[in-house]
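A.B. asks: Sequence first, then the predicted structure, then my questions.
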Amino acid sequence: MKIVLMSGSTRRDSLNTTVLETVRHVLAGLPGAHEAVDLSIAGLPYYEAGLELADGSAAVRAAKELVAGADLLFISTPSYNGAIPGALKNALDWLSRAEGARPSPLTGTVAAVASASPGARGGLEAQAGLVAVLARCGARVVEHEPVAVARAGAQAVEDGRYTDPELVARLDSLTRAALDAAEARTEVLV
């Protein structure tokens, strides 16, 4: 199963990238073959219809190919003033665009959502907006109790991933639910 991991932050040592590294570690411990690849939103240009019509961005084409070929998209987002960051919204705007007769890469894609923040709510308020955008784009958002990593900067980290057993268990549960949803979608398509 191919899983695309997308951090909603462009910051180098992002707390949300740490969430995704924890998910990668969880995947490594689960049965089955799981290929987890990263999609960086940092190199995507601002969405602009003229650029889209000119097919002028190799970074956008590569991002669309990556998501179109995925069984699961796993996004972890920070909260910027209670919403998803502009760079993440921009990436989703690009990924939501159909190409000719081909639907958008997000259409029908199973998507899991988490968040992390140094604040007390862990970016939870951004998750509702992210889920709404994904649903509007035709993605199938995994139903699961929200996983929001509060005071994420104070959490114990080892080898780029969180180690708190309770937090890892919550991410494990979300990851398993996401894999189950992706597997069920694959079975329907076959």
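C.D. replies: Done, it's in.
A.B. asks: buried residues in the helix-or-strand element of the chain with minimal mean pLDDT?
C.D. replies: Within the chain, no helix or strand scores below helix 49-53, which has a mean of 87 by mean pLDDT, DSSP states H and E. Of the residues in helix 49-53, those with enough neighbours to count as buried (16 or more other CB atoms under 10 Å) are Glu52. C-beta: built from backbone N, CA, C; applies to glycine.
A.B. asks: Beyond that helix, next helix or strand please.
C.D. replies: helix 58-68 (DSSP states H and E).
A.B. asks: tally of neighbours for Ala28?
C.D. replies: Other residues lying near Ala28 total 9 when counted by other CB atoms under 10 Å.
A.B. asks: So that it lines up with my notes, have the first residue be 566 from now on.
C.D. replies: Right, with 566 as the first residue, what we last looked at is Ala593.
A.B. asks: helix, strand or coil for the closest residue to Val722 other than its chain neighbours?
C.D. replies: Spatially, and ignoring its direct neighbours in sequence, Val722 is nearest to Thr583 (6.0 Å; CB to CB, 6 or more residues apart in numbering). Put simply, Thr583 is helix when judged by DSSP: H, G, I helix; E, B strand; the rest coil.
A.B. asks: Check the one 4 residues further on too.
C.D. replies: Using three-state DSSP, the structure places Thr587 in helix.
A.B. asks: Leaving out the residues flanking it, which one is nearest to it?
C.D. replies: In this structure, Thr587 finds its nearest non-sequential neighbour in Arg726, 4.2 Å apart by CB to CB, 6+ apart.
A.B. asks: Next one, pLDDT for the one you found please.
C.D. replies: The score at Arg726 is 97. That number is its pLDDT.
A.B. asks: OK, contacts around it?
C.D. replies: 583, 586-587, 589-590 (CB atoms under 8 Å, 6 or more residues apart in numbering).
A.B. asks: Could I get the average pLDDT for the one helix or strand Glu731 maps to?
C.D. replies: Take DSSP H and E as the rule and Glu731 turns out to sit in helix 730-754. For helix 730-754, the per-residue pLDDT values average out at 91.
A.B. asks: Which positions within it qualify as buried?
C.D. replies: By neighbour count on 16+ other CB under 10 Å, the buried set for helix 730-754 is 732-733, 735-737, 739-740, 743-744, 746-747, 750.
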